[in-house]
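A.B. asks: Prediction below, plus the sequence it came from.
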There are 2 protein chains.
Amino acid sequence: MTLSSDHLPSSACQPDRAILRQRLTAAGLRATTQRILILESLMVLPGHPTAEQVHRQVVLAEPTVSLGTVYKTLDSFVAAGLSKRVASAEGPCRRYDSDCNAHHHLYCIDTKEIIDYSNPELDALIRDFFATHGLGNFQPHSFSLHVAGSRIS
Amino acid sequence: MTLSSDHLPSSACQPDRAILRQRLTAAGLRATTQRILILESLMVLPGHPTAEQVHRQVVLAEPTVSLGTVYKTLDSFVAAGLSKRVASAEGPCRRYDSDCNAHHHLYCIDTKEIIDYSNPELDALIRDFFATHGLGNFQPHSFSLHVAGSRIS
DNA sequence: TTCGTTGCAAATACTTTGCATAGCC
DNA sequence: GGCTATGCAAAGTATTTGCAACGAA
């Protein structure tokens, strides 16, 4: 959560390939077929997919893409600022998030789902708290709240 | 044999074995030598150790303890509520925390340090927010705030 | 004595690496 | 054409599992 947070995720539906290509080159990466597909999969998959999940999605469109390439590519995306690595206490370690805007996470204990959540009011509340209380010699830049809970039926 | 203080900072607390034994049985676990040592190591190691780190600590006192046992035991601790699994985006996946009281994390961008932080006032603030605003059909049980920032010099 | 726990080692899951080739710019 | 990214496969970590032997209750 950047301390000046505002906006919401884009329409996550079917991103245009040309725009993906643009985002790649803008980030200083060559726009290869694989990278376009991987970026597309990242944006389309719900939650925070693992490399494995991204790969399963990508091979639907292009069966020759290897898992190793997915790993390398996701790392290069992180290095280029196109995606973030998020931690998970469950399952495989490395998970990726295409949404570089900071947001909070709701973790469902029952289904192990991770749901993105953002709320400017909450952000303001926490930001104000730090502004008035301070953290000693620690200067906060951004924050992210992890909420564990379960679905009410 | 106790974990020798040669390997530990003198400031680290040295929990009494009898109390550890009690905590284990209270949690419904048999108080084996291995479990006592592993629980002790968890409490004594700084930060959020990996299974590997716990194992390295345990074998100092009892060289026959296997890494597999450490994994199984840490999982049973989590199941019994004696410790928590915490996520880390860096390095090995599974990390463990002996402190079951919820707390927050300050992450120093410069030094990569993770500092534990707790503040009941902040907890109340966030809890109240959820109580009044709700999260749809999601019922929050616990939460943890991750703050990234840097030291002011 | 009983039944859960341990140690071991093999199996599996996850991730990285090296190198020849393919394909973007 | 130059040079980076890819595919493949093998190596390297991390974690889980199965089972006979052990030990706490």
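C.D. replies: Ah, there it is.

A.B. asks: CA atoms for contacts and neighbours, from now on please.
C.D. replies: OK.

A.B. asks: Can you tell me which residue is spatially central in chain A?
C.D. replies: Within chain A, the residue whose C-alpha comes closest to the C-alpha centroid is A:Asp97; the distance, by Cα atoms, centre = their mean, is 1.8 Å.

A.B. asks: Hmm, it is touching A:Pro49, no?
C.D. replies: Yes. Look at A:Asp97 against A:Pro49 with Cα atoms under 8 Å: they come within range, at 7.2 Å.

A.B. asks: Next, show the common contact partners of those two.
C.D. replies: Common neighbours of A:Asp97 and A:Pro49, using Cα atoms under 8 Å, 6 or more residues apart in numbering or on different chains, are A:Leu42.

A.B. asks: now what about the top strand by length along chain A, what contacts it?
C.D. replies: Ranked by residue count and defined by DSSP state E, the top strand of chain A is strand A:138-151. For strand A:138-151, contacts defined as Cα under 8 Å, 6+ apart pick out A:1-3, A:102-110, A:130, B:137-152.

A.B. asks: Kindly recompute the last result at 7 Å.
C.D. replies: A:1-3, A:103-110, B:137-152 (Cα atoms under 7 Å, 6 or more residues apart in numbering or on different chains).

A.B. asks: can you give me the angle that strand makes with strand B:138-151?
C.D. replies: Between strand A:138-151 and strand B:138-151, the angle formed by their directions is 160 degrees, by axes from the mean of the first three to the mean of the last three Cα atoms, to 10 degrees.

A.B. asks: May I see the buried residues of strand A:138-151?
C.D. replies: Across strand A:138-151, burial judged by 16 or more other Cα atoms under 10 Å in any protein chain shown covers A:138-150.

A.B. asks: ditto for stretch A:40-54
C.D. replies: Along stretch A:40-54, these residues count as buried under the neighbour rule (16+ other Cα under 10 Å): A:40-45, A:47-54.

A.B. asks: Establish whether that stretch and DNA strand C are in contact.
C.D. replies: Yes. Taking Cα under 7 Å from any atom of the strand as the criterion, stretch A:40-54 and DNA strand C are in contact, through A:50-52.

A.B. asks: strands paired with the lowest-mean-pLDDT helix or strand in chain A, and their directions?
C.D. replies: Taking mean pLDDT, DSSP states H and E as the measure, chain A has strand A:114-117 as its least confident helix or strand, at a mean of 82. When pairing is defined by DSSP bridges, strand A:114-117 lines up against strand A:104-108 (antiparallel).

A.B. asks: Please determine whether stretch A:35-46 lies in contact with DNA strand D.
C.D. replies: Yes. For stretch A:35-46, a contact with DNA strand D is found by Cα under 7 Å from any atom of the strand, at A:Arg35.

A.B. asks: interface residues of chain A facing DNA strand D?
C.D. replies: Those residues of chain A that sit near DNA strand D, judged by Cα under 7 Å from any atom of the strand, are A:29-30, A:32-35, A:64-66, A:68-69, A:72-73.
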